[in-house]
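1. The following comprises the amino acid sequence and a computationally predicted model.
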Amino acid sequence: MKVVIAIDSFKGCLSSLEAGNAIKNAIASLVDEVIVVPIADGGEGSVEAMISAIKAKKREVLSLDPLGRELKTNYAYVDNQAIMEMASSCGLTLLDENERNPEQTSTYGLGLMIKDALKLGVRKFIIGIGGSATNDAGMGMLKALGFEFYDEFKNPLAPKGKNLAKIASISDLNALKELKECEFLVACDVNNPLFGKSGAAHIYGVQKGADSAMIERLDMGLRNFSKITSEFFGVDNSNLAGSGAAGGLGFGLVSFLGAKLQPGFEIISNVVGLKDKLVGADLVITGEGRLDYQSIMGKTPSAVAKLAKTNANVTVIALAGAISDGAKSCNECIDAYFCIQQGAISLAKALKPEVAKANLSAVSLQALRLFLASKSAKDSHH
């Protein structure tokens, strides 16, 4: 009997590989074959998943945080391909609550990461763009890569959300020549346009620290950036699904770097070869830190289940550290899900890696025993 474990990381607790191995160690003696496939959906944990799955190397790089302070971060690379999470240099979690201000934040740090990879000979990029603290439409990233932005008096503008409204012209004269040889695949799981009521500022501005007046100003800035960019390139990407992702970074990547936006799970599952590894599986175990109403919307557990269900006889079980009422919709594609907690416990204790591993081991073993018992009953019935 073959079991495939493809479980997302438990945020702030276990990587995808650590969670997968905890389950494998618990069940291996009861089945013929267990395969652990590190997996993620383009958000936090994607770089770790790729390092584990395709033997990529981790590279530490000096970059800048969203407010321009020096920061050590890292990305993964193998051969001429790099995998980056924009949140590692431009993420909301890098700022204290009182520092959040999308008029002042910038994606410059991501540009420095790309520039570093270009020097290594990297020409294929996979970039996850979830969790941003920015609303600069990629202006910072582009500035780091050599693009210039000027106001109506030909003064160069600092690359931050506040200055999008002042851009009157663009220059690509100093843009890095290597960019022309590059392919950018962007893991993007939202379909917002750049501006308007469903756009970057209106939908995500509040969580980044904007009040209603700032949201209006940011939205006007995105409209202006779109207008100037569209005139410069002769094509308008502002209504493209996902152009409003990460404060408009989706728009900047597509318009300036010819990037393709694709659901994060699709990109990562292709790279790690999940589809092939699922062939012939009798049971698939997936999951994430928390199962809720969002889990059915392309998040790792439901995406793994849908891919697995192309093989008609497979059973899919999901394990999670916490489960909310909204998780019931997961039963559309997941046969059963279980919370791993063994009793009343504080969140701080539940997040201790050794506790989470023990809980995953205990519950996965019982879930497997139930599966084997029902399989045995079915076989004897036939």
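-> The structure has been received and is ready for your questions.

2. The residue nearest the centre of the chain: what's it in contact with?
-> The structure's the chain has its C-alpha centroid closest to residue 43; by CA atoms, centre = their mean the separation is 1.9 Å. Contact analysis of residue 43 by CB atoms under 8 Å, 6 or more residues apart in numbering lists 85, 87, 128, 130, 131, 187, 189, 264. For glycine as for every other residue, the C-beta is placed from the backbone atoms N, C-alpha and C.

3. all strands for this structure, in order.
-> 2-5, 33-36, 57-64, 70-78, 81-85, 124-128, 148-150, 169-171, 183-187, 260-262, 283-291, 315-323, 336-339 (DSSP state E).

4. of all those strands, which lies closest to residue 157?
-> strand 148-150 (4.8 Å; CB to CB).

5. Quick one: mean pLDDT over that closest one.
-> For strand 148-150, the mean per-residue pLDDT is 98.

6. Residues contacting it, please?
-> Contacts for strand 148-150 (CB under 8 Å, 6+ apart): 139, 142-143, 156-157, 159, 163, 167-174.

7. Nearest to residue 78, out of the residues you listed: which one, please.
-> residue 142 (25.9 Å).

8. Surely the closest one and residue 251 touch.
-> No. Applying CB atoms under 8 Å as the test, residue 142 and residue 251 come out as separate, 11.0 Å apart.

9. Which one of the two is surrounded by more residues?
-> Set residue 142 next to residue 251 and count neighbours by other CB atoms under 10 Å: residue 251 wins out with 33 against 29.

10. Does that one touch residue 139 like I think?
-> No. Residue 251 lies out of contact with residue 139 (CB under 8 Å); the separation is 10.4 Å.

11. what sits in contact with each of these two?
-> In contact with both residue 251 and residue 139: residue 225, using CB under 8 Å, 6+ apart.

12. returning to that earlier point: mind putting the strands of the chain in TSV, mean neighbour count and distance to residue 273 included?
-> Compiled in TSV, the strands of the chain are given as follows (neighbours: other CB atoms under 10 Å; distance: least, CB to CB, whole Å):
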stretch	mean neighbour count	distance to residue 273
strand 2-5	24	12
strand 33-36	18	11
strand 57-64	16	19
strand 70-78	19	14
strand 81-85	26	15
strand 124-128	24	15
strand 148-150	18	41
strand 169-171	15	40
strand 183-187	21	16
strand 260-262	18	17
strand 283-291	26	15
strand 315-323	23	19
strand 336-339	17	25
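
13. will you turn the ones you listed into a markdown table that also has distance to residue 275?
-> Converted to a markdown table, these look like this (distance: least, CB to CB, whole Å):
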| stretch | distance to residue 275 |
| --- | --- |
| strand 2-5 | 11 |
| strand 33-36 | 13 |
| strand 57-64 | 25 |
| strand 70-78 | 20 |
| strand 81-85 | 19 |
| strand 124-128 | 17 |
| strand 148-150 | 42 |
| strand 169-171 | 41 |
| strand 183-187 | 17 |
| strand 260-262 | 15 |
| strand 283-291 | 12 |
| strand 315-323 | 14 |
| strand 336-339 | 22 |
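
14. now for these, which one comes closest to residue 117?
-> strand 81-85 (4.4 Å).

15. what sits up against that closest one?
-> By CB under 8 Å, 6+ apart, strand 81-85 touches 43-44, 46-47, 50, 56, 75-77, 91, 110, 113-114, 117, 120, 122, 124-128, 130-131, 271.

16. Then stretch 168-180?
-> Residues contacting stretch 168-180 (CB under 8 Å, 6+ apart): 115, 118, 123, 145-152, 154, 228-229, 232, 256-257.

17. What segments of the chain are helices?
-> 16-27, 46-54, 87-90, 108-119, 139-144, 200-204, 212-233, 245-257, 264-272, 274-278, 300-308, 347-350, 353-381 (DSSP state H).

18. Out of the ones you listed, name the one with the poorest average pLDDT.
-> helix 46-54 has the lowest average pLDDT among the helices of the chain, namely a mean of 80.

19. Domain boundaries for this structure, per the record?
-> Under the assignment automatic domain parsing, the domains of the chain span 2-37+275-381, 46-264.

20. any idea which of those domains is most buried?
-> Greatest average neighbour count among these goes to domain 46-264 (a mean of 21), per mean count of other CB atoms under 10 Å.

21. what about that domain, distance to the chain center?
-> 14 Å (CA atoms, centre = their mean, to the nearest Å).

22. tell me how far the ends of that domain are from each other?
-> With CA to CA, to the nearest Å as the measure, domain 46-264 spans 9 Å from end to end.

23. And residue 47, how close does it get to residue 303?
-> Counting by CB to CB, to the nearest Å, the separation of residue 47 from residue 303 is 18 Å.

24. Residue 321 now?
-> Taking CB to CB, one finds residue 321 at 19 Å from residue 303.

25. Also residue 13?
-> Relative to residue 303, residue 13 is positioned 21 Å away (CB to CB).

26. again, but for residue 157
-> 40 Å.

27. residue contacts, residue 201?
-> 102, 135, 195, 210, 215, 216, 218, 219, 222, 247.
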